[in-house]
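S.K.: Build me a structure from this.
(chains A and B)
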2 protein chains.
Amino acid sequence: MQARFFAIREYPRGVPPRELFELHEEELPQLAEGEVRIRNSWLSVDPYMRGRMSGVRTYIAPFELNAPLEGGAIGEVIESRHARFKPGDKVRHMAGWRDVAQLKGEVLEPLPDMEVPEQAYLGVLGMPGMTAWTGLNRIANLREGDNVLVSAAGGAVGSLAVQLAKARGGTVVGIAGARDKLTWLEQHDIRPVSYKDKEARQLSEELKTACPDGFDVYYENVGGACLEAALDNLKVGARIAICGLISRYNQEEPQHGPGNLANLLIKRARMQGFIIFDHWTDYPHFLEEVGPLVAKGEIDYEETIEAGLERMPDAFIKLFEGANRGKMLVRL
Amino acid sequence: MQARFFAIREYPRGVPPRELFELHEEELPQLAEGEVRIRNSWLSVDPYMRGRMSGVRTYIAPFELNAPLEGGAIGEVIESRHARFKPGDKVRHMAGWRDVAQLKGEVLEPLPDMEVPEQAYLGVLGMPGMTAWTGLNRIANLREGDNVLVSAAGGAVGSLAVQLAKARGGTVVGIAGARDKLTWLEQHDIRPVSYKDKEARQLSEELKTACPDGFDVYYENVGGACLEAALDNLKVGARIAICGLISRYNQEEPQHGPGNLANLLIKRARMQGFIIFDHWTDYPHFLEEVGPLVAKGEIDYEETIEAGLERMPDAFIKLFEGANRGKMLVRL
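M.R.: Got it, this is the predicted structure:
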């Protein structure tokens, strides 16, 4: 059976150009004992993938050159030599960027049985949802009534973080850029602040206006001016969960950091980085809490969908243009 | 009775000049009911006092202009209208920068009864010792065998932090500048690294050589290049306790921060500021643990002593020249 996959032939600098991504075709070998063949139906498109294109080991190994790229995916079993799986089963796995995957059964997760569309397990009930929930609850120790600031608040993770935070009763402020994202935030009773064309100082003043008492929690996806402005607006005892620093991912030269880290001292604040893969054992707790909310339609999650494997690189590049609303997906 | 005290007439920029500090003389009023008069014997000289000269409220109110400056002090009660105190009692209080203090009895702490010199309660068993212990144990959650990095390791706080850390069995590296501080560290089996004339990159390489496995804990007193170099050498799950950022205290212009904060994300590390005044309820625990070590001579603490109230401003300015070894004190 033929399978098609994307690979890169070198590690890019800056925003990856479209031509970096090459579509390959291969003949899959016969299934070995314990293996499963899956036809992918949905591919996940995530900012963290940029980190794996750097050629440097960070918290996760870099992508291998000229080998299939990886990422979250949902698919249906079409052939199985593993006792736990049979054709027709829906599974989640990490062999994205391709149409047909062949994997050991051990690395597959059967999709939970809830009244939600299957691609939800890549977004609101997948890694982005789990990332929003973990950062707020496990890293930032969100408490009832906390004032919460979220950067990239219109993104896949941020748009869930603001809703989960809002449910706890405090003031929630979301930083975003695109006009429609700011409108979406406003519709959900989140105070929107645009970062566009603003230096840290102005952003800081606008955050102060949006939430004069300051923030107990900052959910950080961006870095740069957002982090600096947030540091100016912390309450005593604030907690910052660093989920991502997307403003840095495509920078070729090292940049300076915020000059106001002394606020961590003045406000006795805590800043902590986390990687969602470390927390995956908590997934059942997350699913138990957030799954029913999604099934009942109480979480407003959005998807930006591109169609066809060929569009996967374009979808990925769009992430860095802020063009997606909510979770970016490719449907096969 | 006459009392002499220092005051400042304006808030300085940069390193405070000697002539900023003016010696005043006043006639103390009669003791009111509940008040106590103390003849000070030792005055504490601390870097955090610079923060109170900024005219800006940070975690503690700024010093009032033309009013007695404040700081830790040890003295002997010479007159009392408070039931708990009688002449001859030794007490600790915050009315330093003067020779005779007149205070409500409630703000005085009787000195504990241990076999240590009384000025120890301003240093190794006072705020600096408590700060070292709290940062390591309560903020950075120091564990057996942790590799620990301490900046300003020859200072009042740092020289205790390295010894308390060393007792837990891991590799301990101390950053200092002066030759004699580096030698002192070496004598205590602490790996010394000089920060002098080094940019973050070189410092980072020397830390790597001193402790190739990286650090579980960074006890931060300095900021600037030290923080940047430390961020490059964290182990996964590292904890940074920010006790002070002395490199910043006298800077007139805002400076950039470290450009490598992404290490907090890559290493799932935590950075937390703390103010010792928030933790004073823990003082009995600290005293119970560290007091006997000091009494038995198992902690090597040093003091730099200036004699006479008039020398108080000079002693304070010397802090920023790195001229002190261990705790800076003025003996009256």
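S.K.: Could you use CA atoms for every contact and neighbour count after this?
M.R.: Noted.
S.K.: Find me the pLDDT at the residue nearest to A:Met49 when sequence neighbours are not counted, would you?
M.R.: Sequence neighbours aside, A:Gly71 is the residue nearest to A:Met49 in space, at 7.6 Å (criterion: CA to CA, 6 or more residues apart in numbering or on different chains). In this model, A:Gly71 is scored at 96, pLDDT.
S.K.: and A:Gly71, how many residues sit next to it?
M.R.: By the measure other CA atoms under 10 Å in any protein chain shown, the count of residues near A:Gly71 is 17.
S.K.: Report how many residues lie close to the nearest residue to A:Ile8 once chain neighbours are set aside.
M.R.: Spatial nearest neighbour of A:Ile8, chain neighbours left out: A:Phe21 (5.1 Å); criterion: CA to CA, 6+ apart. Look at A:Phe21: counted by other CA under 10 Å, it has 20 neighbours.
S.K.: Just to check, A:Phe21 is in contact with A:Glu10?
M.R.: No - at 9.4 Å, A:Phe21 and A:Glu10 do not qualify as touching, with contact defined as CA atoms under 8 Å.
S.K.: Can you show me the strands along the stretch 101-250 of chain A?
M.R.: A:109-110, A:148-150, A:172-176, A:191-194, A:215-220, A:234-242 (DSSP state E, counting those that start in this stretch).
S.K.: Get me the contact residues on chain A for chain B.
M.R.: Counting by CA under 8 Å from any CA of the partner chain, the residues of chain A close to chain B are A:58-59, A:242-245, A:254-262, A:264-275.
S.K.: I'd like to know which of those residues are buried.
M.R.: Buried members of the residues of chain A next to chain B, scored by 16 or more other CA atoms under 10 Å in any protein chain shown, are A:59, A:242-245, A:257-262, A:264-275.
S.K.: so of the residues you listed, which ones are in strands?
M.R.: Applying DSSP state E to those, the entries found in strands are A:242, A:270-273.
S.K.: any idea how far A:Val330 lies from chain B?
M.R.: 27 Å (CA to the nearest CA, to the nearest Å).
S.K.: Next: A:Thr171.
M.R.: Taken as CA to the nearest CA, the span from A:Thr171 to chain B is 24 Å.
S.K.: Now do the contacts for A:Ala61.
M.R.: Residues near A:Ala61 by CA atoms under 8 Å, 6 or more residues apart in numbering or on different chains: A:Arg52.
S.K.: quick one: pLDDT of it?
M.R.: 84.
S.K.: in whichever helix or strand A:Lys318 is part of, what counts as buried?
M.R.: Using DSSP states H and E, A:Lys318 sits in helix A:312-319. Neighbour counts over helix A:312-319 (16+ other CA under 10 Å) mark A:312-313, A:315-317, A:319 as buried.
S.K.: Where does A:Arg4 sit: helix, strand or coil?
M.R.: strand (DSSP: H, G, I helix; E, B strand; the rest coil).
S.K.: May I have the beta-bridge partners of the residue nearest to A:Met49?
M.R.: Here A:Gly71 shows beta-bridge partners A:Ala95, assigned using DSSP bridges.
S.K.: can I assume it is in contact with A:Arg92?
M.R.: No - with contact defined as CA under 8 Å, A:Gly71 does not count as touching A:Arg92 (10.4 Å).
S.K.: Determine the set of other helices and strands touching the longest helix along chain A.
M.R.: Criterion DSSP state H: the longest helix present in chain A is helix A:283-295. Packing partners of helix A:283-295 (3 or more CA pairs under 8 Å, 6 or more residues apart in numbering or on different chains; DSSP states H and E): helix A:127-134.
S.K.: Just list whatever residues bridge to A:Ser194.
M.R.: When assigned by DSSP bridges, A:Ser194 has beta-bridge partners A:Ala176.
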